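[1] Could you look at this predicted model? Sequence included:
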Protein chains: 2
Amino acid sequence: MVSKNQIKLIKSLSQKKFRNKYGLFVVEGLKGVREFINSDYELNSLYTTGEIFNVPGELSDKIKEKDLRKISFLKTPQQALAVFTIPQQKNINLNGLVLVLDGVRDPGNLGTIIRLCDWFGIESIVCSEDTVDCYNPKVVQASMGSLTRVNVSYTDLKDFFLNNRNVPVYGAMLDGENIYSSNLPDSAFIVMGNEANGVSEEVKKLLTREINIPQFGQDQNTESLNVATATAIILSEFRRGNSIGK
Amino acid sequence: MVSKNQIKLIKSLSQKKFRNKYGLFVVEGLKGVREFINSDYELNSLYTTGEIFNVPGELSDKIKEKDLRKISFLKTPQQALAVFTIPQQKNINLNGLVLVLDGVRDPGNLGTIIRLCDWFGIESIVCSEDTVDCYNPKVVQASMGSLTRVNVSYTDLKDFFLNNRNVPVYGAMLDGENIYSSNLPDSAFIVMGNEANGVSEEVKKLLTREINIPQFGQDQNTESLNVATATAIILSEFRRGNSIGK
């Protein structure tokens, strides 16, 4: 059984203001829930229709499929839904590559980017305050458990860059230099901008290098690359040298 | 005004069987509709709430916002909806790179991949019969007009490879060789597999080279890359040599 109050609480966690008020967020699906339980995240409550996880009984409810449907954010609920505590922001490790997101708004894009960082061994993502919340259920879903391994924090980007002036700031810009012939360091901030408007004016001024993925098709009507696919290519370029011995 | 029959016809075009029956598909949004009108695609009918396009009057209807909502597949209809004729499959240009999709099912992934091919100057995509239909409204929407510049065709992949034995077949495989140190030719078939199961057993036998994007993060739980982001990185690797003079 899930009480009306529990349903109301869980459904409210689709909204950032209630996630912040209660300090809680939702994870769904067996694989995702298992990864969060096995991570540093603190479990608040767990609802499953099938598989029993190894968690204290008072935190876990076995419920019916129809009750899971009442609390799930998915069209097709996936056997388990868990509520976790939003942790304190961790310190950012400035050694190595740090991805910086300046106003990325689409939850699917952020989720895909978190998953990419996990693949490419990027420990930290630093987001502008207007970037979509990483505990948005759609972000958690799209990131496929990678949020347990990638540290996402939110801050004022201008202050962040000014406080870390010794790290080079690479920005993805349509008029930047050809990334394929650029010298790419092992330690840097890599800035990706908003889906429609790119990097903001304020952040542009703080870039030390502007890079671009050249277009090979000849047509002027071609849309620029989506921010998630552009991030994939840029992270691949920064990492490839380490894979083949530069 | 949009008649009940027109509404019924247009709404039916969300399904492949009706697209095939009528030989028609839907494009939405001002930019997308403009690109298709300016392409080789044959316009069947156009419905707009605002901007007038330069098309014969008998094909064009100015309609009210509320009528557009009745025929649109979008949550927020975007001023224009057009119906075009599905063209005959074109011949595939075997010079250069050809992307081959083996069972890609998600419309958003196919749309993103079509847009990537447009960016990287890949003229042709050859799809297995079980790949999602490129005239699915979600594919058309996600491809952002790129479908007017990229030739997508459907065929039996086994026959296709056997009929073109002189072209090398590269397949993205988790146990393939490191793509960053592979010698990548200017002419090849590049095979990307299904979201869950990768390249099919039948097609695997016909690959001449297996390639892989190495994982840099150390965790075994990390999901493999999404097919669209993996395609982005692989096309970038095939093209980058041409950009910097190998």
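    Received the coordinates, thanks.
[2] Compute the number of surrounding residues for A:I244.
    Neighbourhood size, A:I244 [other CB atoms under 10 Å in any protein chain shown]: 12. Bear in mind the C-beta positions are built from the backbone N, C-alpha and C, glycine included.
[3] If you could redo that for A:S181, that was the one I meant.
    A:S181 - counted by other CB under 10 Å - has 11 other residues nearby.
[4] For the nearest residue to A:D106 once chain neighbours are set aside, grab phi and psi.
    Leaving aside its chain neighbours, A:D106 sits nearest to A:E195 (5.9 Å; criterion: CB to CB, 6 or more residues apart in numbering or on different chains). Recorded main-chain torsions at A:E195 are phi -50, psi -40, according to degrees, to the nearest 10.
[5] Would you map the helices across chain A?
    Along chain A, counting by DSSP state H, helices occupy A:4-12, A:16-22, A:30-37, A:65-71, A:107-119, A:137-143, A:157-162, A:201-204, A:227-244.
[6] Which residues belonging to the longest strand that chain A contains are considered buried?
    Criterion DSSP state E: the longest strand present in chain A is strand A:169-178. Within strand A:169-178, the residues that qualify as buried are A:V169, A:Y170, A:G171, A:A172, A:M173, A:G176, counting by 16 or more other CB atoms under 10 Å in any protein chain shown.
[7] same question, stretch A:93-104
    Buried-residue list, stretch A:93-104, by 16+ other CB under 10 Å: A:L97, A:V98, A:L99, A:V100, A:L101, A:D102, A:G103, A:V104.
[8] Could you write out the alpha-carbon coordinates of stretch A:212-230 in PDB?
    Extracted C-alpha coordinates of stretch A:212-230, given in PDB (Å, rounded to 0.1, in the frame of the first residue of the first chain):
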ATOM      1  CA  ASN A 212      34.600  24.200 -33.200                       C
ATOM      2  CA  ILE A 213      33.600  20.900 -34.900                       C
ATOM      3  CA  PRO A 214      33.900  21.700 -38.600                       C
ATOM      4  CA  GLN A 215      30.900  21.000 -40.900                       C
ATOM      5  CA  PHE A 216      31.600  18.600 -43.700                       C
ATOM      6  CA  GLY A 217      28.300  18.800 -45.500                       C
ATOM      7  CA  GLN A 218      28.100  21.900 -47.800                       C
ATOM      8  CA  ASP A 219      24.500  23.100 -47.200                       C
ATOM      9  CA  GLN A 220      24.000  26.400 -45.300                       C
ATOM     10  CA  ASN A 221      20.600  25.200 -44.000                       C
ATOM     11  CA  THR A 222      22.100  22.400 -41.900                       C
ATOM     12  CA  GLU A 223      21.400  22.900 -38.200                       C
ATOM     13  CA  SER A 224      24.300  23.000 -35.900                       C
ATOM     14  CA  LEU A 225      24.900  19.800 -33.900                       C
ATOM     15  CA  ASN A 226      22.800  19.100 -30.900                       C
ATOM     16  CA  VAL A 227      24.600  19.900 -27.600                       C
ATOM     17  CA  ALA A 228      24.700  16.300 -26.500                       C
ATOM     18  CA  THR A 229      26.200  15.000 -29.800                       C
ATOM     19  CA  ALA A 230      28.600  18.000 -29.900                       C
END
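[9] hmm, who's touching the helix or strand bottoming out on mean pLDDT in chain A?
    Least confident helix or strand of chain A, by mean pLDDT, DSSP states H and E, is strand A:60-62 with a mean of 89. Residues outside strand A:60-62 that contact it (CB atoms under 8 Å, 6 or more residues apart in numbering or on different chains) are A:M1, A:V2, A:S45, A:L46, A:Y47, A:T48, A:T49, A:I52, A:F53.
[10] Tell me the one of these nearest chain B?
    A:F53 (15.4 Å; CB to the nearest CB).
[11] ok, that closest one touching A:V33?
    Yes. The pair A:F53 / A:V33 is scored as a contact, 7.1 Å apart, by CB atoms under 8 Å.
[12] So between those two, which is more surrounded?
    A:V33 (26 against 16).
[13] quick one on the thing from earlier: check contacts around the residue nearest to A:D106.
    Here A:E195 is in contact with A:V104, A:R105, A:D106, A:N109, A:N226, A:V227 (criterion: CB under 8 Å, 6+ apart).
[14] ditto for A:V203
    A:V203 neighbours (CB under 8 Å, 6+ apart): A:D102, A:S128, A:L157, A:K158, A:F161, A:G171, A:V191, A:G193.
[15] Bridged to the first one, which residues?
    Listed beta-bridge partners, A:D102: A:G193 (assigned using DSSP bridges).
[16] Against A:T112, how distant is it?
    A:D102 sits 17 Å away from A:T112, going by CB to CB, to the nearest Å.
[17] do the third one as well
    With the distance defined as CB to CB, A:L157 ends up 21 Å from A:T112.
[18] do the fourth one as well
    From A:K158 across to A:T112, the span is 26 Å (CB to CB).
[19] So which of these two has more stuff around it?
    Neighbours of A:K158 and A:T112, each counted by other CB under 10 Å, are more numerous for A:T112; the result is 27 against 14.
[20] any idea of the mean pLDDT in stretch A:214-226?
    Stretch A:214-226 shows a mean pLDDT of 88 in the predicted model.
[21] again, but for stretch A:104-120
    pLDDT averaged over stretch A:104-120 gives 97.
[22] Buried residues in that stretch, which are they?
    By 16+ other CB under 10 Å, the buried positions in stretch A:104-120 come out as A:104, A:106-120.
[23] for stretch A:31-43, same thing?
    So stretch A:31-43, judged by 16+ other CB under 10 Å, has buried residues A:G32, A:V33, A:R34, A:E35, A:F36, A:I37, A:Y41, A:L43.
[24] show me which of those residues neighbour chain B.
    For chain B, the contacts drawn from the buried residues of stretch A:31-43 by CB under 8 Å from any CB of the partner chain are A:E35.
[25] Tabulate the buried residues of stretch A:31-43 (CSV), appending pLDDT and distance to B:F25.
    Converted to CSV, the buried residues of stretch A:31-43 look like this (pLDDT from 0 to 100; distance: CB to CB, whole Å):
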residue, pLDDT, distance to B:F25
A:G32, 92, 35
A:V33, 95, 39
A:R34, 94, 41
A:E35, 94, 40
A:F36, 96, 41
A:I37, 95, 45
A:Y41, 97, 45
A:L43, 97, 47
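[26] What is the nearest of the buried residues of stretch A:31-43 to chain B?
    Of these, the one sitting nearest to chain B (CB to the nearest CB) turns out to be A:E35, at 5.8 Å.
[27] can you tell me which residues contact that closest one?
    Here A:E35 is in contact with A:G145, A:T148, B:N221 (criterion: CB under 8 Å, 6+ apart).
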